[in-house]
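**Student:** make a model of this:
(chains A and B)
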Amino acid sequence: DVKVTQSSRYLVKRTGEKVFLECVQDMDHENMFWYRQDPGLGLRLIYFSYDVKMKEKGDIPEGYSVSREKKERFSLILESASTNQTSMYLCASSIWATSTDTQYFGPGTRLTVL
Amino acid sequence: QKEVEQDPGPLSVPEGAIVSLNCTYSNSAFQYFMWYRQYSRKGPELLMYTYSSGNKEDGRFTAQVDKSSKYISLFIRDSQPSDSATYLCASGGTGRRALTFGSGTRLQVQP
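**Tutor:** Next comes the predicted model:
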């Protein structure tokens, strides 16, 4: 069965803290994604990675960075968290590095920045 | 203008009703169209996948794509309270690495 896991379901951080969100998939998928989901704005793509050490900016990369050192793991980093980064963060993966492929999502991390 | 537009709702219907959820898109390069369902406090999961124009049926669910008008629809027959969720449409195309999602429509089916 397809499995995408995220390191935390809920996270509370303070402004200025460095925040790491981790995502692991056990399906040997090439493509991995980080989205944030906000009411009325839907899913917005932050970054994606189509191979180890490869990354591409999505629609809203500002304030975020990513790391993919191993195929199964994709990390989202908030270098200095701000209150406007309070959101639901969703990780996803797909078999191939193409938009025609089904994406499998993790359960999400609800991040609150105080 | 967003590439995929979707009415956020919420949409509230009685049990047994036929539900129609709709999206429009602007990019002619989109060829693949998907519907994801997201239950509260969960990640989205793929519900329907269609290629190009036409209809696809799976049980009580029918996905319809009209490329001439750039219109995507999801119909739910005999809706059930368990169908209460947010439904997201998504589109993709050859040469694009990532899907483009609509903002999602929240559906509530009242028992």
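**Student:** so A:Tyr64 is in contact with A:Leu78, correct?
**Tutor:** Yes: with contact defined as Cβ atoms under 8 Å, A:Tyr64 counts as touching A:Leu78 (6.2 Å). C-beta here means a position set from N, CA and C on the backbone, and glycine is covered the same way.
**Student:** which positions in chain A make contact with chain B?
**Tutor:** Residues of chain A lying near chain B by Cβ under 8 Å from any Cβ of the partner chain: A:4, A:31, A:33, A:35, A:40-43, A:45, A:48, A:50, A:56, A:58, A:90, A:92, A:97-100, A:102-108.
**Student:** just the buried ones from those, in ChimeraX syntax?
**Tutor:** To isolate the buried members of the residues of chain A next to chain B in ChimeraX, using 16 or more other Cβ atoms under 10 Å in any protein chain shown:
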select /A:4,31,33,35,42,43,45,48,50,58,90,92,97,98,99,100,102,103,104,105,106,108
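**Student:** so which of the residues of chain A next to chain B sit within strands?
**Tutor:** When these are checked against strands (DSSP state E), the matches are A:4, A:31, A:33, A:35, A:42-43, A:45, A:48, A:50, A:56, A:90, A:92, A:104-105.
**Student:** biggest separation within those residues, which pair?
**Tutor:** The two members of those with the most space between them (Cβ to Cβ) are A:Gly42 and A:Tyr50, at 22.6 Å.
**Student:** OK, contacts around the residue nearest the centre of chain A?
**Tutor:** Residue closest to the mean C-alpha point of chain A, counted by Cα atoms, centre = their mean, is A:Trp34 at 2.6 Å. The neighbours of A:Trp34, taking Cβ atoms under 8 Å, 6 or more residues apart in numbering or on different chains as the test, are A:21, A:23, A:45-48, A:58, A:64, A:66, A:74, A:76, A:89-91.
**Student:** please consider this matter closed, and thank you.
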